[in-house]
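>>> One predicted model, sequence on top.
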Amino acid sequence: TTTTTAAAAQEQQQQHQNQAAAGCGGVDDKNVVREEDAVLRELRMEIREFLQRLLNDRRFRVFAEPVDPNLAPDYYTIVQNPVDLTMLAHANDNGKYVVLVQLMQHVDLLVQNAVSYNPPHTPEGASILRRSHALLDIAHAWADSVPPDLVQHCNEIYQRRQC
């Protein structure tokens, strides 16, 4: 059993070295985890503030809540992955956005859904499409303004935690 224990310890040490070489590692240090959680909390707060601005903006009210199937009976047939700003806010509050790109993918999906469903040749459809593209432009401008060191640090944490 001593040989088995020594072999297991050596295998575990090799696994940690491989993870470290790959830029990831099972961080067991509680202080490091606490520091990483603080960084992720900072990103969550940035995202929360941004989403709250969008939710308070009259132009984007149409994207604030799920589409009412009574108002658009075919919406959920056409749109397979519906998202809305409130859903994004809940996902953020629940820690689903560890990296900024995860949020931006959902914003892109929201706009893709608007494009898929709304006909550009109707006044209402054209209005919703203009608002969706405005929302996308604002979201990308905001994402570009998030401190790069925060984005990079969150990306590194995400990579480590994926291993």
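Everything's here; your move. Residues are numbered from 1 along each chain as shown.
>>> average pLDDT across stretch 93-103?
On average, the pLDDT along stretch 93-103 is 97.
>>> typed the wrong thing, it's stretch 78-90
Stretch 78-90 comes out at a mean pLDDT of 98.
>>> in that stretch, what's buried?
Buried positions in stretch 78-90, judged by neighbour count with 16 or more other Cβ atoms under 10 Å: 79, 83-85, 88-89. Bear in mind the C-beta positions are built from the backbone N, C-alpha and C, glycine included.
>>> Relative to residue 97, which of those residues is nearest.
Using Cβ to Cβ, residue 88 is the member of the buried residues of stretch 78-90 that lies nearest residue 97, at 8.3 Å.
>>> picking up where we left off before, next step: the buried residues of stretch 78-90 restricted to helices.
Among those, the members found in helices (DSSP state H) are 85, 88-89.
>>> Turn those residues into JSON lines, columns for distance to residue 154.
JSON lines is the format used below for those (distance: Cβ to Cβ, whole Å):
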{"residue": "85", "distance to residue 154": "21"}
{"residue": "88", "distance to residue 154": "17"}
{"residue": "89", "distance to residue 154": "18"}
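>>> Of those, which is the nearest to residue 68?
Out of those, the member with the shortest distance to residue 68 (by Cβ to Cβ) is residue 85, at 15.0 Å.
>>> Check which helix or strand residue 97 maps to.
Using DSSP states H and E, residue 97 sits in no helix or strand.
>>> Where does the prediction get shaky in the chain?
Across the chain, residues meeting the criterion (pLDDT under 70) sit at 1-28.
>>> How much space separates the nearest residue to residue 142 once chain neighbours are set aside from residue 139?
Sequence neighbours aside, residue 50 is the residue nearest to residue 142 in space, at 5.2 Å (criterion: Cβ to Cβ, 6 or more residues apart in numbering). As judged by Cβ to Cβ, to the nearest Å, residue 50 and residue 139 stand 8 Å apart.
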